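**Q** Got a sequence here, can you build the structure:
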Amino acid sequence: MVDEIRSIAGPKGFDIRTTRLTIRARIWPGGRAGLGSPLDVDLVLAPHYKVSQLSAREVASSGGRFELEDVRVGPITPKEGATGYSLSELAPDGSDGVEILYILTGPHDGEYGLVQAIKSRPFRYELVLRRRRRTP
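**A** Numbering: from 1, shown residues only. Model prediction:
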């Protein structure tokens, strides 16, 4: 039910959430980045999750963990039956030869890396992401 309420802000509702998050596992057959031709496996999240830049207050109170251009994605509904996402889907472990990329399309376009997966509140996960490189 929570996921249905959150979807009201998405493209099938009020259309105020315009950023899409794709979590990409890039598998390198050579065992590390750059060796061979990679295989990409994507998980595209529903486009109704809020994406916003962290405030100066959040950055200052993070003890150096966050930076000014980091973004927060969420709240994301935890997995319950057929809806939501598990923490292992949102923050997969990148083993040798697997690179995890967070790709945002919309106002915050670019490739990001995971800084922190926040799971301290009920009925929600949040991801804090940091831009990996500038994209046009």
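**Q** residue ranges with poor pLDDT in this protein?
**A** 1-17, 134-136 (pLDDT under 70).
**Q** all strands for the protein, in order.
**A** Taking DSSP state E, the strands of the chain run over residues 20-27, 39-44, 51-53, 71-76, 98-105, 110-118, 125-133.
**Q** strand partners of the shortest one, parallel vs antiparallel please.
**A** Strand 51-53 pairs in its sheet with strand 71-76 (antiparallel), by DSSP bridges.
**Q** buried sites along the partner strand?
**A** Neighbour-count burial for strand 71-76 flags 71-76 (criterion: 16 or more other C-beta atoms under 10 Å). Every C-beta, even on glycine, is put in place using the N, C-alpha and C of the backbone.
**Q** So what touches it?
**A** Where contact means C-beta atoms under 8 Å, 6 or more residues apart in numbering, the residues beyond strand 71-76 that reach it are 6, 21, 45, 49-54, 84-85, 90, 104, 108, 112, 118, 121, 123-129.
**Q** Try it again at 7 Å.
**A** With contact meaning C-beta atoms under 7 Å, 6 or more residues apart in numbering, strand 71-76 is reached by 21, 49-54, 85, 90, 108, 124-129.
**Q** ditto for stretch 109-125
**A** 2, 65-66, 70, 74-76, 78, 87, 90-91, 100-104, 126-135.
**Q** now do stretch 92-106
**A** 18-28, 31-33, 51, 110-114, 129.
**Q** Need the buried ones from the contacts of stretch 109-125 selected in PyMOL.
**A** Here is the PyMOL command that selects only those of these that count as buried (16+ other C-beta under 10 Å):
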select buried, resi 66+70+74+75+76+78+90+91+101+102+103+104+126+127+128+129+130+131
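**Q** and of the buried residues of strand 71-76, the nearest to residue 38?
**A** residue 73 (23.8 Å; C-beta to C-beta).
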